[in-house]
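Trainee: Predicted structure and sequence below. I'll ask about it afterward.
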Amino acid sequence: MKVVPIGEYVMVKPDEAEGVSAGGIVLPDTARKKPSQGRVLSVSDGRLLPNGQRAPHQVAEGDRVLFASHAGTEVTIDGMELLIVSEKDILAVIF
Amino acid sequence: MKVVPIGEYVMVKPDEAEGVSAGGIVLPDTARKKPSQGRVLSVSDGRLLPNGQRAPHQVAEGDRVLFASHAGTEVTIDGMELLIVSEKDILAVIF
Amino acid sequence: MKVVPIGEYVMVKPDEAEGVSAGGIVLPDTARKKPSQGRVLSVSDGRLLPNGQRAPHQVAEGDRVLFASHAGTEVTIDGMELLIVSEKDILAVIF
Amino acid sequence: MKVVPIGEYVMVKPDEAEGVSAGGIVLPDTARKKPSQGRVLSVSDGRLLPNGQRAPHQVAEGDRVLFASHAGTEVTIDGMELLIVSEKDILAVIF
Amino acid sequence: MKVVPIGEYVMVKPDEAEGVSAGGIVLPDTARKKPSQGRVLSVSDGRLLPNGQRAPHQVAEGDRVLFASHAGTEVTIDGMELLIVSEKDILAVIF
Amino acid sequence: MKVVPIGEYVMVKPDEAEGVSAGGIVLPDTARKKPSQGRVLSVSDGRLLPNGQRAPHQVAEGDRVLFASHAGTEVTIDGMELLIVSEKDILAVIF
Amino acid sequence: MKVVPIGEYVMVKPDEAEGVSAGGIVLPDTARKKPSQGRVLSVSDGRLLPNGQRAPHQVAEGDRVLFASHAGTEVTIDGMELLIVSEKDILAVIF
């Protein structure tokens, strides 16, 4: 079974422990907004532009990303808890 | 009798049991937004663009889709409870 | 006397009994939004686009349509209770 | 003395008795929005488009129109109580 | 000393007595919005369009205008109480 | 040290006494909005347009300007209390 | 490890002591909005324009910048507390 996002959405597998990630990024505990981390599983054809074309995503399958912590719609696929997130809520790619 | 959506709308037959779907997608029970599932019955000519053209839908008749759970307008046609949903509220296609 | 909509409007004669329509569409009684039905009596030249052209309506005189139930402005013309509805509030055409 | 609207405005002389108009249009007494009626006295060069051109009005001097009942700015000119109304608030022309 | 508006602004000298104007326009005392009157003293190069050009104003120095009564920013220049008003708030020119 | 605005911003040195300015402009004490005065110290390359170009500012270094009184972000540079103001909040240039 | 912003974002290392900065800019203590300072660590390919192109950032790696004080999303990378900030919230570059 495969779930392919449409529109401006990408499918992300969020990291389980958000306090300290495997990559060494510690998310602080303050009042300011804090992002979540995860890995991109699949992407759509990109956001629709006013001229009818689609803007290709800046993230691709396999990318590790930081995204706004309350963004996305939850779905469980083949036992994995995943998020469908708008690319607008993705802040950065981690290399 | 046939009902053909216009504008940015598609007609969707939502799955009856939303807890566990036939395709194995379990929708979790948390505070975050959760999508509904269904099958596309018919689509419009697509959303009107500022240049007067229409953007073809990314979903087609027969597609299984995930859509925002509170989206759409209910209508019962020939005994079937259907939803007319904006394509903006459709998140992904399930293959 | 004739009333011709302008802008993005169409003139609709709503069905009288909304519970069960002549065409067999039963409108359910739930919390979700439910559409109304009616027949298009006249249409405008279409919505103004940013480039100054007008987008022709997707509905035409005589079409049976589903529209958002609280949409439109009421007017009684020659004894008929009619609605002037924006095409944005029309969801589908019934054939 | 002459008052010429600019921007997206037209000058309208509203009918005095709004309950039953001379043209036979009875405005019902319900909860839904109800339009007012009047005659167009003068129009501007039309709404400014993003490309710098102006979209000509769909109404002209002398037209009888239906417009949103709470729309417009009141002004008394030469003893007449008039309204300056945005064309966006005009729903239809009565022939 | 000269004050030249920029952006979408024009400089207006409002009439002192707003109840009855010299030009014979009586402003009624009702619940609906009522305009103010004044004379245009100077105008900017016009509103910036999305394509980078400027749309010339529809009013010019010396024009008598009707404008939304609460619009504008007050400033006293050389003893005159003036208003800097967006052209969007100007409804009509009085000839 | 030099501070150069970006985006739609300009750097303004506001007048110290706002009640009566050196140029003879008395700002009245009423309920309507009143502007502040100041001198432009530096400007950005201009606001980004949808086509990717930048619209040059209508104000330049050295101009005396009127701007919305609560606009801008305060910053003290080399002992001077300055404001970084969006050009949208600048109403007029004083010559 | 490297974190590369996407969309309209830039990565900023904010100054630790915000009261008085090393560069001599004293941030005053008033009711008006006050900016924060920091150094740009990395930038994205720029904001997506409606035509599908990207507008290059006006700031570059190494620039010292003033930005809106409550802007940005916090993240700790390799022990550094950083901010991912939209370029729209950056007011000026300090040279």
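Mentor: Arrived safely. Numbers count the residues shown, from 1 in each chain, chains lettered A, B, ... in the order given.

Trainee: residue in chain A nearest to chain E?
Mentor: Using Cβ to the nearest Cβ, the closest approach of chain A to chain E is made by A:Pro50 at 11.1 Å. The way it works is simple: take the backbone N, C-alpha and C, and place the C-beta from them, glycine included.

Trainee: which residues does that residue contact?
Mentor: Applying Cβ atoms under 8 Å, 6 or more residues apart in numbering or on different chains to A:Pro50 gives the contacts B:49-51, G:50.

Trainee: Narrow those to those in helices?
Mentor: Applying DSSP state H to the contacts of A:Pro50, no entry is found in helices.

Trainee: May I see those arranged in JSON lines, with pLDDT as well?
Mentor: Shown next, in JSON lines, are those (pLDDT from 0 to 100):
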{"residue": "B:Leu49", "pLDDT": "96"}
{"residue": "B:Pro50", "pLDDT": "94"}
{"residue": "B:Asn51", "pLDDT": "94"}
{"residue": "G:Pro50", "pLDDT": "95"}
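
Trainee: which one of these is nearest G:Phe67?
Mentor: G:Pro50 (25.1 Å; Cβ to Cβ).

Trainee: what residue ranges in chain A score low on pLDDT?
Mentor: Applying pLDDT under 70 to chain A flags residues A:17-32.

Trainee: how about a cut-off of 80?
Mentor: Along chain A, the model assigns pLDDT under 80 to residues A:1, A:16-34.

Trainee: so where do the helices sit in it?
Mentor: Going by DSSP H, chain A shows no helices.

Trainee: interface residues of it facing chain B?
Mentor: A:1-7, A:9, A:11, A:44-45, A:48, A:50-52, A:70, A:72-79, A:81, A:83-84 (Cβ under 8 Å from any Cβ of the partner chain).

Trainee: Tell me the buried residues within these.
Mentor: In these, burial by neighbour count holds for A:3, A:5-7, A:9, A:11, A:44, A:48, A:72-75, A:77, A:83-84, counting by 16 or more other Cβ atoms under 10 Å in any protein chain shown.

Trainee: Among the residues you listed, which ones are in strands?
Mentor: Here DSSP state E is the test, and these give A:3, A:5, A:9, A:11, A:48, A:73-75, A:77, A:83-84 as lying in strands.

Trainee: got a markdown table for the residues you listed, with distance to G:Leu91 too?
Mentor: What follows is those, written out as a markdown table (distance: Cβ to Cβ, whole Å):
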| residue | distance to G:Leu91 |
| --- | --- |
| A:Val3 | 42 |
| A:Pro5 | 35 |
| A:Tyr9 | 32 |
| A:Met11 | 36 |
| A:Leu48 | 32 |
| A:Thr73 | 35 |
| A:Glu74 | 37 |
| A:Val75 | 40 |
| A:Ile77 | 44 |
| A:Leu83 | 33 |
| A:Ile84 | 35 |
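
Trainee: any idea how far A:Val3 is from the most centrally placed residue in chain A?
Mentor: With distances taken as Cα atoms, centre = their mean, chain A has A:Val12 as the residue nearest its mean C-alpha position (4.4 Å). In this view, A:Val12 and A:Val3 are 12 Å apart by Cβ to Cβ, to the nearest Å.

Trainee: Find residues that contact each of these two.
Mentor: By Cβ under 8 Å, 6+ apart, the residues touching both A:Val12 and A:Val3 are A:Leu82.

Trainee: show me what contacts the residue nearest to the centre of chain A?
Mentor: Counted by Cβ under 8 Å, 6+ apart, A:Val12 has contacts A:38-41, A:65, A:67, A:72, A:82-85.

Trainee: can you rerun that using 6 Å?
Mentor: With contacts defined as Cβ atoms under 6 Å, 6 or more residues apart in numbering or on different chains, A:Val12 is in contact with A:38, A:40, A:83, A:85.

Trainee: same question, A:Leu49
Mentor: A:55, G:52.

Trainee: where's it relative to A:Glu8, distance?
Mentor: In terms of Cβ to Cβ, A:Leu49 sits 11 Å off from A:Glu8.

Trainee: mind listing what the nearest residue to A:Ile90 once chain neighbours are set aside touches?
Mentor: Excluding its sequence neighbours, the residue lying closest to A:Ile90 (Cβ to Cβ, 6 or more residues apart in numbering or on different chains) is A:Phe67, at 4.7 Å. By Cβ under 6 Å, 6+ apart, A:Phe67 lies in contact with A:35-36, A:85, A:89-90.

Trainee: Turn these into a markdown table, including neighbour count.
Mentor: Shown next, in a markdown table, are the contacts of A:Phe67 (neighbours: other Cβ atoms under 10 Å in any protein chain shown):
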| residue | neighbour count |
| --- | --- |
| A:Pro35 | 22 |
| A:Ser36 | 22 |
| A:Val85 | 26 |
| A:Asp89 | 22 |
| A:Ile90 | 27 |
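
Trainee: And the residues you listed, which is closest to chain G?
Mentor: Closest to chain G, out of all of these and judged by Cβ to the nearest Cβ, is A:Pro35, at 5.2 Å.

Trainee: distance of the one residue in chain A that gets nearest to chain D from D:Gly62?
Mentor: Nearest residue of chain A to chain D, counting by Cβ to the nearest Cβ: A:Pro50, 11.1 Å away. To D:Gly62, A:Pro50 is 38 Å away according to Cβ to Cβ.

Trainee: still on that earlier bit, which residue sits closest to the residue nearest to the centre of chain A, ignoring its sequence neighbours?
Mentor: What sits nearest to A:Val12 in space, not counting adjacent residues and going by Cβ to Cβ, 6+ apart, is A:Gly38, at 4.2 Å.

Trainee: Look up the residues forming beta bridges with that neighbour.
Mentor: On the basis of DSSP bridges, A:Gly38 is bridged to A:Pro14, A:Val65.

Trainee: looking at it, it is touching A:Lys13, isn't it?
Mentor: Yes. If you go by Cβ atoms under 6 Å, A:Gly38 and A:Lys13 touch, sitting 5.5 Å apart.

Trainee: which of those two has more neighbours?
Mentor: Shown here are A:Gly38 and A:Lys13; by other Cβ atoms under 10 Å in any protein chain shown, A:Gly38 has more neighbours (26 against 14).

Trainee: Tell me which residues touch that one, please.
Mentor: A:12-15.

Trainee: Please repeat the previous calculation with a cut-off of 7 Å.
Mentor: By Cβ atoms under 7 Å, 6 or more residues apart in numbering or on different chains, the residues touching A:Gly38 are A:12-15, A:65, A:67, A:83.

Trainee: got it, and A:Pro14?
Mentor: With Cβ under 7 Å, 6+ apart, A:Pro14 has these contacts: A:36, A:38, A:83.

Trainee: Distance check, it against C:Gly7.
Mentor: Separation of A:Pro14 from C:Gly7 (Cβ to Cβ) stands at 46 Å.
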